[in-house]
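Visitor: Sequence plus the predicted model coming up.
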Amino acid sequence: MLAPALADTISGMNPAAFEALARLEPGNFWFVPRSRLIEGLLTRYFPAAESFMEIGCGTGFVLSGIARMRPWRRLVGSELHPKGLAFARGRLGARAEFVQMDARAIPARDAFDVIGAFDLLEHIEEDESVLAAMYGAVRPGGGIVLTVPQHPWLWSNTDERALHARRYRRGELERKVRAAGLRVLFSASYIWLLLPLMAASRWLPRSSEPAAAGSELKLPGVLNTVFNAVVRLEVVLTLAGLRFPFGGSRVVVAAKPASLAMRAPGD
């Protein structure tokens with residue numbers, strides 16, 4: 001059930017960006033393959049999961065794909081911004097519950113088989129508080145799936161416009177996940193094949209005029225189709241077991257021990 005709406009604030013993300021994102025996501029070379037990767041990892045590591053919550057669900061694009069995967073017993077989308085929730089509810093309707101929530105304080109304990117956060121943690125200074133809250137809200141034996149932007153050397157005004165607090169160093173997210181009490185099952189770079197183009201787009205001089213939300217991801221039709229095929233191939237190879245040494249983003253899957261007795265020393 002949707003919680004009483006609070007006023008939209010520019011915190012973590014500019015609420016004005018949701019409308020542009022909702023138009024951009026379907027068919028886009030960035031968003032569509034990423035959803036395929038997330039769905040493939042959910043199928044592999046949590047095939048029996050019956051409940052799922054996405055924190056920072058945005059417009060509901062990823063959640064709508066997850067909803068089509070299987071007949072979930074419970075599906076929840078959370079978002080700090082009411083505008084995002086409105087788009088998500090429009091996409092999913094009665095297939096999911098929606099709640100306005102601060103990811104640092106999830107009001108649930110041992111409640112979900114899986115919790116996902118996709119390109120969310122980089123927006124929040126207190127990312128370790130979010131991981132601790134996810135640990136508390138996922139049931140023993142369940143787990144989490146995360147995606148984040150990677151490599152501080154790729155930092156640019158694109159990150160600043162997106163209100164990012166960081167790009168993750170290699171190994172940084174995994175260390176924080178383990179510190180929260182979770183066991184890393186899978187970790188990989190992606191957006192490797194397009195990384196040179198991604199770097200060039202960020203380092204080449206640009207107009208000083210403010211760019212529209214998501215403008216870096218908005219490509220002409222033919223180029224979007226080509227990039228879509230390239231990233232889809234990368235997703236297929238990643239799910240088949242290939243690991244890329246670098247990539248614009250990182251994906252991590254981790255599990256909460258079924259009992260405290262199963263936690264490894266240092267976890």
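Guide: That came through fine. As the structure is a prediction and not an experimental result, all values here were calculated from the model.
Visitor: what bits of the stretch 151-267 of the chain have low per-residue confidence?
Guide: Scanning the stretch 151-267 of the chain for pLDDT under 70 picks out the ranges 205-215, 260-267.
Visitor: All the helices of it, residue numbers only.
Guide: 157-161, 172-179, 195-203, 221-239 (DSSP state H, counting those that start in this stretch).
Visitor: what's the last one packed up against?
Guide: Packed against helix 221-239 by the contact rule (3 or more CB pairs under 8 Å, 6 or more residues apart in numbering; DSSP states H and E) you find helix 31-45, strand 183-190. Where C-beta positions appear, they are placed from N, C-alpha and C, glycine not excepted.
Visitor: Just give the nearest non-adjacent residue to Arg232, would you?
Guide: Pro33 (4.9 Å; CB to CB, 6 or more residues apart in numbering).
Visitor: oh sorry, the question was meant for Val230
Guide: Using CB to CB, 6+ apart, the nearest residue to Val230 is Leu193, at 5.2 Å.
Visitor: next one: Ala180
Guide: Ala180 sits nearest to Leu131 (CB to CB, 6+ apart), 4.0 Å away.
Visitor: Am I right that that neighbour falls within a helix?
Guide: Yes: under DSSP: H, G, I helix; E, B strand; the rest coil, Leu131 falls within a helix.
Visitor: and the gap between it and Trp203?
Guide: 31 Å (CB to CB, to the nearest Å).
Visitor: of the two, who's got more company?
Guide: Leu131 (25 against 11; other CB atoms under 10 Å).
Visitor: what residues are up against Glu122?
Guide: By CB atoms under 8 Å, 6 or more residues apart in numbering, the contact set of Glu122 is Val148, Pro149, Asp159, His164, Ala165, Arg166, Arg167, Tyr168.
Visitor: Could you report the neighbour count for the nearest residue to it once chain neighbours are set aside?
Guide: Distances taken as CB to CB, 6+ apart place His164 nearest to Glu122, at 4.8 Å, with adjacent residues excluded. Using other CB under 10 Å, His164 is surrounded by 20 other residues.
Visitor: With Asn14 instead?
Guide: The burial count for Asn14: 17, using other CB under 10 Å.
Visitor: what does Glu79 give?
Guide: The number of residues near Glu79, taken as other CB under 10 Å, comes to 30.
Visitor: Nearest approach to Trp72 belongs to which of the helices of the stretch 151-267 of the chain?
Guide: helix 221-239 (21.3 Å; CB to CB).
Visitor: For that closest one, list the C-alpha coordinates in CSV.
Guide: Extracted in CSV, the C-alpha atoms of helix 221-239 (Å, rounded to 0.1, in the frame of the first residue of the first chain):
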residue,chain,number,x,y,z
GLY,A,221,17.8,4.9,-33.3
VAL,A,222,20.4,3.0,-35.3
LEU,A,223,23.2,3.6,-32.8
ASN,A,224,20.9,2.6,-29.9
THR,A,225,20.1,-0.6,-31.7
VAL,A,226,23.8,-1.4,-32.2
PHE,A,227,24.7,-0.6,-28.6
ASN,A,228,21.7,-2.6,-27.4
ALA,A,229,23.0,-5.7,-29.3
VAL,A,230,26.5,-5.2,-27.9
VAL,A,231,25.4,-4.9,-24.3
ARG,A,232,23.0,-7.8,-24.6
LEU,A,233,25.9,-9.9,-25.9
GLU,A,234,27.9,-8.9,-22.8
VAL,A,235,25.0,-9.9,-20.6
VAL,A,236,24.8,-13.3,-22.2
LEU,A,237,28.5,-13.8,-21.8
THR,A,238,28.4,-12.7,-18.2
LEU,A,239,25.6,-15.1,-17.3
